[in-house]
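Enquirer: got a structure for you, letters missing:
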């Protein structure tokens, strides 16, 4: 690709190895292009949906007691060959691992979202920053924020 900014460096990445990842759902957002996505999700951002696929729906049992969740997702439209990047907002060149950019060797992203409600296999959340249709890798409770007072996990 030739769409590098000044100071950016791309490498020839080694061939992918199968890590055995399974997409467990899809994320629905109002953004259809990467350029339209916010740089980071905001707690007062638009309500987005997370649809969990079978057979993983049963794993949602109990998530509603949490006020927030950590969402892990695969930025499937991202470049994977940059080792140095020059973010548009500042023009400085830095190593990929010093940035929160979606352009990564393994484009795994995470966001802590506010859980609005759960309806069957769908979660309604605020705080995402990805393109509509982004594959879901995992979700985890943010243990710092319980909805139910007195809840204790073992």
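Expert: Looks like it came in fine. Predicted model only: the values in this text are computed from it and were never measured.

Enquirer: and the longest strand along the chain, which strands flank it?
Expert: Using DSSP state E to define each element, the chain has its longest strand at strand 108-119. Paired strands of strand 108-119, with direction, are strand 68-74 (antiparallel), strand 122-126 (antiparallel) (DSSP bridges).

Enquirer: can you give me the offset of it from its chain's centre?
Expert: What separates the centre of strand 108-119 from the centre of its chain is 9 Å, taken as Cα atoms, centre = their mean, to the nearest Å.

Enquirer: which outside residues touch it?
Expert: 40-41, 43, 47-48, 60, 63-64, 66-75, 102, 123-130, 137, 142 (Cβ atoms under 8 Å, 6 or more residues apart in numbering). All C-beta spots, glycine's among them, are computed from the backbone N, C-alpha and C.

Enquirer: make it 7 Å
Expert: The contact list for strand 108-119, computed with Cβ atoms under 7 Å, 6 or more residues apart in numbering, reads 41, 43, 47, 60, 63-64, 66-75, 102, 123-130, 137, 142.

Enquirer: just the buried residues of it, please?
Expert: For strand 108-119, a neighbour-count test (16 or more other Cβ atoms under 10 Å) marks 109, 111, 112, 113, 114, 115, 118 as buried.

Enquirer: with stretch 86-93 instead?
Expert: Buried, per 16+ other Cβ under 10 Å, within stretch 86-93: 86, 87.

Enquirer: which residues touch that stretch?
Expert: Outside stretch 86-93, the residues that touch it by Cβ under 7 Å, 6+ apart are 5, 6, 7, 8, 84, 99, 101.

Enquirer: let's see 6 Å
Expert: Applying Cβ atoms under 6 Å, 6 or more residues apart in numbering, the contact partners of stretch 86-93 are 5, 7, 8, 84.

Enquirer: just stretch 94-107 next, same as before
Expert: Contacts of stretch 94-107 (Cβ under 6 Å, 6+ apart): 75, 78, 79, 80, 82, 83, 84, 85.

Enquirer: a markdown table please, covering those residues and showing distance to residue 56.
Expert: Shown next, in a markdown table, are the contacts of stretch 94-107 (distance: Cβ to Cβ, whole Å):
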| residue | distance to residue 56 |
| --- | --- |
| 75 | 20 |
| 78 | 24 |
| 79 | 29 |
| 80 | 26 |
| 82 | 32 |
| 83 | 34 |
| 84 | 37 |
| 85 | 34 |
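
Enquirer: please consider this matter closed, and thank you.
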